[in-house]
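Peer 1: here is the input, now give the coordinates:
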Amino acid sequence: MNIPKELLYTEDHEWIRVEGDVAYVGITDFAQRELDELVYVEVETVGETLDAGEEFGTVEAVKTTSELLMPVGGEILEFNKQIDDSEGDDPTLINSDPYGEGWIVKITINDKAELDNLLSAEDYTALIAE
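Peer 2: Residues are numbered from 1 along each chain as shown. Model (predicted):
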């Protein structure tokens, strides 16, 4: 299982990668394996500012739909065009490359102190081992 050490994680299986003033958010390798093949990703919150824990979208797999939750508060700047059904329409990028091309949204972070509430790779590894 791939759990990059440079990322931060939520207990709900989202990851965040901070790059300067913006951050990328997606779901973990563990989550995409649990969901199996993804068939649709919906994000209708671009331009909205949400709090940590608020739903920013959903992922749909063959047998289930799961909410996507904000790891920290911030504004949704962009939905990854490669997985958007009106653009590239390839949600399986999340299955094949969850931490790279399979990112879901790009955000700004309202308060970087909220990053301290997230899990390290080691903590996330322990969480999914339970």
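Peer 1: this structure: helices as residue ranges?
Peer 2: Per DSSP state H, the chain carries helices over the ranges 29-35, 93-96, 121-129.
Peer 1: can you tell me which of those comes nearest to Val22?
Peer 2: Of all the helices of the chain, helix 93-96 sits nearest to Val22, with 19.5 Å by CB to CB. Every C-beta, even on glycine, is put in place using the N, C-alpha and C of the backbone.
Peer 1: what mean pLDDT does the closest one have?
Peer 2: Averaged over helix 93-96, pLDDT sits at 93.
Peer 1: tell me which residues of that helix come out buried.
Peer 2: By neighbour count with 16 or more other CB atoms under 10 Å, helix 93-96 contains the buried residues 93-95.
Peer 1: using PDB, list the CA coordinates for it.
Peer 2: Provided in PDB are the C-alpha atoms of helix 93-96 (Å, rounded to 0.1, in the frame of the first residue of the first chain):
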ATOM      1  CA  LEU A  93      -7.000   8.000 -12.700                       C
ATOM      2  CA  ILE A  94      -7.800   8.000  -9.000                       C
ATOM      3  CA  ASN A  95      -7.400   4.200  -9.100                       C
ATOM      4  CA  SER A  96      -4.200   4.100 -11.100                       C
END
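Peer 1: need the per-residue pLDDT for the nearest residue to Leu93 once chain neighbours are set aside.
Peer 2: Take Leu93 and drop its neighbours on the chain: the residue closest to it by CB to CB, 6 or more residues apart in numbering is Gly102, 4.2 Å away. In this prediction, Gly102 carries a pLDDT score of 95.
Peer 1: list the contacts of the residue positioned nearest the centre of the chain.
Peer 2: The structure's the chain has its C-alpha centroid closest to Gly26; by CA atoms, centre = their mean the separation is 2.0 Å. Counting by CB atoms under 8 Å, 6 or more residues apart in numbering, Gly26 makes contact with 14-15, 94, 98-99, 102-104.
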